[in-house]
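Chemist: kindly generate the corresponding structure for this input.
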Amino acid sequence: MQFTAWGSILTLPEFFDQGDLVAVLSTQPLGRALDYKAPEGGCRPGAFVEVPLGPRKVLGVVWGPGAGDYDYAKVRSVIRVLDAPPMRDELRVFLRRAADYTLTPMPAMLRLATRAPGLGDPPSMRKVYRRGGKEPTRMTDARAQVLEVLEAYGDLSFTLKELADMAGVTASVVKGLVAQGAVDEHDSPRDLPFPPLDPSLPGKELTADQAAGAVLLEKAVKSEVYGTTLLRGVTGSGKTEVYLEAVAAALSAGRQALVLLPEIALTAEFLTRVEARFGAKPAEWHSGVTMTERRRIWRMVGQGNAQLVIGARSALFLPFQNLGLIVVDEEHDTSYKQEDGVLYNARDMAVLRASICGAHVVLASATPSLESWANAEAGKYTRLELSSRYGPAVMPQMGAIDMRTEGLPSDRWISPQLKAEVDVRLERGEQAMLFINRRGYAPVTLCRACGHQIGCDHCDARMVEHRYLKRLVCHQCGESKAMPEACPSCDAEGRLAAVGPGVERLGEEATALWPDARVATLSSDMYGSARALKAEIAGIAQGTADIIIGTQLVAKGHNFPNLTLVGVIDADLGLMGSDLRAAERTFQLMRQVAGRAGRADKPGAALLQTYQPEHPVIRAILAGNEEQFWKAEAQERQQAGVPPYGRMAGIILSGPDVAQVFDAGNMLARNDRALREIGAQVFGPAPAPIARVRGRHRVRLLVKAEKSVPLQEALARWIGQLRLKGDMRVAVDIDPQSFY
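Modeler: This is a model prediction of the structure:
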């Protein structure tokens with residue numbers, strides 16, 4: 001996806017006086033802005049306001065002058081202007097263009113930009129403590145420890161818990177010093193600025209390749225002109241250190257920076273590296289952050305008091321005041337695509353936002369998406385290459401295990417050859433990783449008496465056994481239920497059997513094969529919090545496990561210095577189905593997970609268990625010639641006219657009545673003139689591969705068009721014919737990444 005640089009396009013008055021008509025866009029699903037009278041004292045364009053809507057008070061943003069198409073005497077007034085910096089022109093343009101591209105109603109886009117609680121609340125206060133002017137009447141060791149901490153940190157203030165923890169004393173010791181005037185207690189705003197980052201601190205020593213790349217990125221950032229760089233480097237090549245120099249350049253220029261990561265679990269190690277580089281921790285924005293901290297980050301970003309944000313895809317919608325750099329780490333990762341609500345790809349939206357505010361984008365990956373590779377090939381993106389690992393580390397040796405010759409029993413998945421290789425690593429005191437991209441214990445629970453497979457009551461999907469939780473779980477809707485004693489279909493007892501492996505079952509097998517080894521199973525649903533998952537990963541890096549069992553979670557950016565062997569249990573898994581990106585994703589995943597091995601001074605190896613060693617994708621993975629793979633994949637896509645050389649859009653109709661949903665789909669398919677006018681093709685309607693989710697029947701249509709046509713405009717006219725009845729819904733997925 002490529003966007004032309006486009007600055008502010010909003011021509012608005014600088015101020016609205018009291019009584020002027022203003023258009024206020026709210027987060028309510030109204031589809032348009034409503035007119036209100038500016039409040040006493042007036043307001044600015046972009047001001048966050050509270051307005052009446054029926055009997056309620058709702059949050060909104062002053063979007064521009066009112067339309068004036070309603071009786072002025074009946075127009076209600078804005079209740080108040082909130083104590084928050086107005087939304088900048090740049091962010092309003094971004095939301096408008098993102099809405100136009102994804103065909104999303106503007107209120108839904110505004111909700112993405114206001115996802116913090118209590119934005120209308122006055123700043124809250126908390127008690128903080130600093131050194132007082134008096135000495136305690138009686139000095140104890142505990143009191144001395146508190147005073148030493150306060151004197152060591154000068155004018156800094158601490159919460160009661162922070163001060164007590166740092167001094168190693170109880171809260172009552174601090175309170176006793178307050179009573180004697182040796183410690184001052186006072187109120188302070190809860191939403192405090194983040195500590196300043198120091199870009200002048202020295203970073204790690206860079207190799208020649210890294211230093212050259214860093215210089216190019218620094219120059220691009222300092223130009224304050226939009227551009228995108230594809231930073232491609234083999235796993236372990238030190239891409240992070242290179243783009244941290246670009247972050248330093250942005251901070252030195254007084255601009256803010258945003259680094260997007262695909263997984264919460266990656267943030268702990270990354271934050272440590274950022275703190276080491278800049279002397280303080282940045283803001284951290286993702287689903288694991290508390291609501292109080294979300295509000296603080298939102299406010300501080302808007303005031304310019306958070307220089308650097310490390311976050312998930314939704315961080316793109318924060319109200320940055322002077323955004324100079326966006327880094328999308330592991331830019332190929334599928335988690336950057338939002339698959340419900342507003343359907344957008346954070347990688348593409350990062351490029352869009354940067355093009356509007358004159359920022360630079362760095363797309364970093366060892367295995368870039370074909371879209372980014374094609375843009376670099378076409379000269380739209382600058383390309384930087386890091387071809388070797390940092391320091392003494394070398395790329396792992398790749399090999400395949402032909403499972404057709406291994407003679408495994410049907411209830412075992414670790415081949416004798418792979419077991420022998422793990423044995424060697426354990427004898428050396430090294431770590432081994434066994435990878436399978438399936439959560440839970442087993443993907444299917446089958447009755448051996450009648451053949452019934454236990455499915456979800458609300459979806460057309462099999463339920464996955466999670467033995468760790470002692471429950472069956474639907475991975476589509478999240479519904480769970482206890483494992484039954486008898487078959488729900490024929491009532492036979494003791495005949496239910498787990499079919500196929502997940503990480504939990506693989507962990508069970510590993511424990512049986514290596515009873516003296518420490519086995520750690522990493523899967524996102526096995527930990528109650530992001531903090532617990534981060535702690536487990538940090539422990540593994542320090543050597544608390546001998547064998548690591550993991551899902552896709554372990555393939556992303558983790559650094560386990562003592563890991564020298566990666567065994568992929570089922571390399572063929574991603575090659576099944578009709579997804580046009582199946583080959584690309586399998587190639588990326590296998591290369592990424594293999595890259596976890598041998599990242600320090602010990603050589604690594606990666607072995608792929610496969611029943612199709614002659615498959616072109618498996619052969620390409622083993623050969624390691626990535627450029628050849630991308631060229632072959634690009635040629636196939638180009639001939640087929642599919643992304644990135646063509647355009648696609650998915651239309652998903654859903655509702656409780658399957659006949660009604662199909663009728664709507666057939667009506668659209670028959671009345672496709674708006675699409676035929678631009679040469680687009682319509683396929684469907686057809687049941688979605690998972691045809692029922694949460695009790696709603698799902699029907700899909702797929703639109704395919706040439707790359708240059710105005711697809712969104714045609715889609716809007718085409719879908720505008722729909723008259724949705726009852727509880728029916730329609731979702732438009734521009735550039736779909738999955739087809740379920």
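Chemist: okay, CA-based contacts and neighbour counts for the rest of this
Modeler: Will do.
Chemist: next secondary structure after the lengthiest strand in the chain?
Modeler: Ranked by residue count under DSSP state E, the longest strand found in the chain is strand 681-693. For strand 681-693, the following helix or strand on the C-terminal side (DSSP states H and E) is strand 696-706.
Chemist: report pLDDT for Arg591.
Modeler: As predicted, Arg591 sits at a pLDDT of 85.
Chemist: what about the longest strand of the chain, distance to the chain center?
Modeler: 27 Å (C-alpha atoms, centre = their mean, to the nearest Å).
Chemist: repeat that for stretch 629-646.
Modeler: Centroid displacement of stretch 629-646 relative to its chain, using C-alpha atoms, centre = their mean, is 26 Å.
Chemist: okay, buried residues for it please.
Modeler: Neighbour counts using 16 or more other C-alpha atoms under 10 Å place 629-630, 633-634, 637, 641-646 of stretch 629-646 among the buried residues.
Chemist: what residues does the longest strand of the chain touch?
Modeler: Among residues not part of strand 681-693, those counted as contacts by C-alpha atoms under 8 Å, 6 or more residues apart in numbering are 458-461, 476-477, 662, 665-666, 669, 672, 675, 697-705, 739-740.
Chemist: can you tell me how far the residue lying farthest from the centre of the chain is from Asp546?
Modeler: Of all residues in the chain, Thr137 sits farthest from the chain's C-alpha centroid, using C-alpha atoms, centre = their mean; the distance is 54.7 Å. With distances taken as C-alpha to C-alpha, to the nearest Å, Thr137 is found 55 Å from Asp546.
Chemist: what's the answer for Gly502, then?
Modeler: According to C-alpha to C-alpha, Gly502 stands 19 Å off from Asp546.
Chemist: same thing with Phe270?
Modeler: Between Phe270 and Asp546 the computed distance is 23 Å (C-alpha to C-alpha).
Chemist: who has more neighbours, those two?
Modeler: For Phe270 against Asp546, the residue with the higher neighbour count under other C-alpha atoms under 10 Å is Asp546, and the figures read 22 against 16.
Chemist: which outside residues touch the helix or strand harbouring Gln635?
Modeler: Under the criterion of DSSP H and E, Gln635 resides in helix 626-640. For helix 626-640, contacts defined as C-alpha under 8 Å, 6+ apart pick out 367, 370, 373-374, 584, 620, 643-646.
Chemist: mind doing that once more with 6 Å?
Modeler: In this structure, residues lying in contact with helix 626-640 by C-alpha atoms under 6 Å, 6 or more residues apart in numbering are Tyr645.
Chemist: quick check: mean pLDDT across it?
Modeler: Mean pLDDT, taken over the full extent of helix 626-640, equals 91.
Chemist: point out where the stretch 51-200 of the chain drops to low pLDDT.
Modeler: 123, 155-156 (pLDDT under 70).
Chemist: now do the strands in it.
Modeler: For the stretch 51-200 of the chain, applying DSSP state E, counting those that start in this stretch gives strands covering 56-65, 80-81, 125-131, 183-189.
Chemist: the first one - contacts with which helices or strands?
Modeler: If I follow you right, that is strand 56-65. Using 3 or more C-alpha pairs under 6 Å, 6 or more residues apart in numbering; DSSP states H and E as the contact criterion, the neighbours of strand 56-65 among helices and strands are strand 21-26, strand 48-53.
Chemist: out of those, deepest packed?
Modeler: When the helices and strands packed on strand 56-65 are scored by mean count of other C-alpha atoms under 10 Å, the highest mean neighbour count falls to strand 21-26 (a mean of 26).
Chemist: could you list the paired strands of it along with their orientation?
Modeler: strand 34-37 (antiparallel), strand 56-65 (antiparallel) (DSSP bridges).
Chemist: tell me the angle of the last one relative to strand 48-53?
Modeler: Between the axis of strand 56-65 and that of strand 48-53 there is an angle of 120 degrees, by axes from the mean of the first three to the mean of the last three C-alpha atoms, to 10 degrees.
Chemist: is it correct that Pro199 is in contact with Ala246?
Modeler: No. With contact defined as C-alpha atoms under 6 Å, Pro199 does not reach Ala246; the gap is 10.0 Å.
Chemist: those two: which has the busier surroundings?
Modeler: Legend: neighbour count by other C-alpha under 10 Å for Pro199 and Ala246, higher for Ala246 (31 against 20).
Chemist: tell me which strands and helices the helix or strand that that one is a member of is in contact with?
Modeler: Secondary structure assignment for Ala246, by DSSP H and E: helix 239-252. Here helix 239-252 touches helix 208-222, going by 3+ C-alpha pairs under 6 Å, 6+ apart.
Chemist: do that again at 8 Å, thanks
Modeler: Under the contact definition 3 or more C-alpha pairs under 8 Å, 6 or more residues apart in numbering; DSSP states H and E, helix 239-252 sits against helix 208-222, strand 227-233, strand 256-260, strand 323-329.
Chemist: for Leu197, which non-adjacent residue is spatially closest?
Modeler: Closest residue to Leu197 apart from its sequence neighbours, by C-alpha to C-alpha, 6 or more residues apart in numbering: Phe278 at 5.1 Å.
Chemist: quick one: contacts for the one you found?
Modeler: With C-alpha under 8 Å, 6+ apart as the criterion, the residues that contact Phe278 are 197-201.
Chemist: which parts of the helix or strand where Ser372 lies are buried?
Modeler: Counting by DSSP H and E, the secondary-structure element that holds Ser372 is helix 370-377. Burial within helix 370-377, assessed by neighbour count using 16+ other C-alpha under 10 Å, is assigned to 370-376.
Chemist: want to throw the strands paired with strand 21-26 into TSV with mean neighbour count and distance to Thr159?
Modeler: Supplementary listing: the strands paired with strand 21-26 in TSV, determined by neighbours: other C-alpha atoms under 10 Å; distance: least, C-alpha to C-alpha, whole Å:
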stretch	mean neighbour count	distance to Thr159
strand 34-37	24	43
strand 56-65	20	32
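Chemist: which one of the ones you listed lies nearest to Ser387?
Modeler: The minimum distance between Ser387 and these falls on strand 56-65, with 47.8 Å, by C-alpha to C-alpha.
Chemist: using the record's assignment, carve the protein into domains.
Modeler: 21-90, 125-189, 208-386, 397-438+501-633, 646-734 (automatic domain parsing).
Chemist: go through those domains and pick out the most buried.
Modeler: Using mean count of other C-alpha under 10 Å, the stretch among these with the largest mean neighbour count is domain 208-386, at a mean of 21.
Chemist: how near is the residue nearest to Leu197 to Gly203?
Modeler: Where Gly203 is concerned, Phe278 sits at a distance of 8 Å (C-alpha to C-alpha).
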